[in-house]
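[1] build the 3D model from these lines:
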Amino acid sequence: MSERRACLIVGVSRRVVRYRSRRPDDAAIRVRLRDLAGERRRFGFRRLGVLLTREGIVMNRKKLLRLYREEKLAVRPRRSRKRALGTRAPIALPEGENQRWSLDFVSDAFSDGRRFRILAVVDDFTRECLTLVADTSLSGGRVARELDGLIAGRGKPLTVVSDNGTELTSMAILRWCQERRVEWHYIAPGKPMQNGFVESFNGKLRDECLNETLFTSMNHARAVLAAWKQDYNHVRPHTALGGLAPVPAATGSRAQCGQGHAPAHIAIPAQIGHQTVTRLDF
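    Model prediction:
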């Protein structure tokens with residue numbers, strides 16, 4: 001049977017039967033995309049596209065999404081807890097680095113079930129992770145010593161924002177605030193999003209590092225956290241910074257503008273239970 005008659009019976013055009021795809025071979029791009037997705041299992045196609053662009057592999061969004069879907073690299077969503085609904089007021093943004101630091105604790109466990117905690121400190125303007133301190137116990141005095149170490153290498157912040165944890169409302173922290181002349185603001189109890197910068201960072205830390213690693217010892221945990229912090233600050237693309245990592249973005253910001261001024265309101269004041277640092281008389 002001729003081609004003409006077969007196409008007539010089936011009801012298709014001969015051009016369709018004879019068509020051959022002219023798409024270039026994307027085998028190398030697919031291999032590199034799979035490699036990057038394997039290294040960073042919690043990255044979606046946008047962040048993987050940023051990493052490919054850094055390596056000189058440039059393509060439009062539609063092609064990237066098509067290859068991403070054909071390779072079945074979609075990130076599986078994790079089950080999240082229920083979130084409370086309510087009115088959300090925006091928090092004032094800092095206008096320069098070292099104007100406001102946010103800190104919080106994250107907990108995890110070793111393979112044998114023992115628990116440990118991580119102190120995370122973030123610069124709210126540059127989005128840099130300033131430190132990740134892991135230990136089985138982190139008292140107020142230990143937090144003060146870690147902040148002193150940061151100040152020695154980076155400079156003093158104008159304000160520190162935290163929740164109302166017992167370590168952060170201790171006499172050691174209050175004494176540290178008075179001696180260093182640093183303003184400390186406590187968010188309203190039960191309102192973690194008033195400290196949204198470090199809470200967002202904690203989510204990335206949990207999703208991309210803690211949930212992906214089985215820690216065997218404290219030394220292992222500290223080594224993994226140090227490597228992840230280096231990658232987060234210098235390599236990992238940040239959507240709020242236009243796809244740049246925090247340190248390169250901060251370097252460009254320093255070149256463009258000088259030191260700014262801290263905003264008047266740092267966190268949303270609480271009507272009940274809000275604490276502020278007062279002067280201590282010894």
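
[2] now the helix or strand hosting residue 67: average pLDDT?
    In this structure, residue 67 sits in helix 61-70 according to DSSP states H and E. Per-residue pLDDT over helix 61-70 has a mean of 93.

[3] so which elements touch it?
    helix 27-39, helix 45-54 (3 or more C-beta pairs under 8 Å, 6 or more residues apart in numbering; DSSP states H and E). Every C-beta, even on glycine, is put in place using the N, C-alpha and C of the backbone.

[4] which parts of that helix are buried?
    Of the residues in helix 61-70, 64, 67-68 count as buried by neighbour count, 16 or more other C-beta atoms under 10 Å.

[5] can I get those residues in a markdown table including distance to residue 251?
    Listed next are these as a markdown table, based on distance: C-beta to C-beta, whole Å:
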| residue | distance to residue 251 |
| --- | --- |
| 64 | 27 |
| 67 | 32 |
| 68 | 30 |
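
[6] tell me the one of the residues you listed nearest residue 2?
    residue 67 (38.5 Å; C-beta to C-beta).

[7] quick one: contacts for that closest one?
    By C-beta atoms under 8 Å, 6 or more residues apart in numbering, residue 67 lies in contact with 26, 29-30, 33.

[8] now render these as TSV, adding pLDDT, distance to residue 149 and neighbour count.
    Output for those, formatted as TSV (pLDDT from 0 to 100; distance: C-beta to C-beta, whole Å; neighbours: other C-beta atoms under 10 Å):
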residue	pLDDT	distance to residue 149	neighbour count
26	86	48	15
29	92	44	16
30	91	45	15
33	93	40	23
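
[9] just curious, which of those residues is nearest to residue 121?
    Once C-beta to C-beta is applied, the member of the contacts of residue 67 that ends up nearest residue 121 is residue 33, at 34.1 Å.

[10] residue 186: neighbouring residues, count only.
    Neighbour count for residue 186, taken as other C-beta atoms under 10 Å: 23.

[11] what does it show for phi and psi?
    phi -100, psi 130 (degrees, to the nearest 10).

[12] that one pairs with what?
    residue 162 (DSSP bridges).

[13] so it is in contact with residue 162, correct?
    Yes - if you go by C-beta atoms under 8 Å, residue 186 and residue 162 touch, sitting 6.4 Å apart.

[14] overlap in contacts of the two?
    With C-beta under 8 Å, 6+ apart, residue 186 and residue 162 have common neighbours residue 168.

[15] next, residue 156: secondary structure please.
    For residue 156, the assignment made with DSSP: H, G, I helix; E, B strand; the rest coil gives coil.

[16] return the residues in contact with the residue nearest in space to the middle of the chain.
    Nearest to the geometric centre of the chain sits residue 201, at 3.8 Å (C-alpha atoms, centre = their mean). Residue 201 sits next to 120, 122, 127, 129 when contact means C-beta under 8 Å, 6+ apart.
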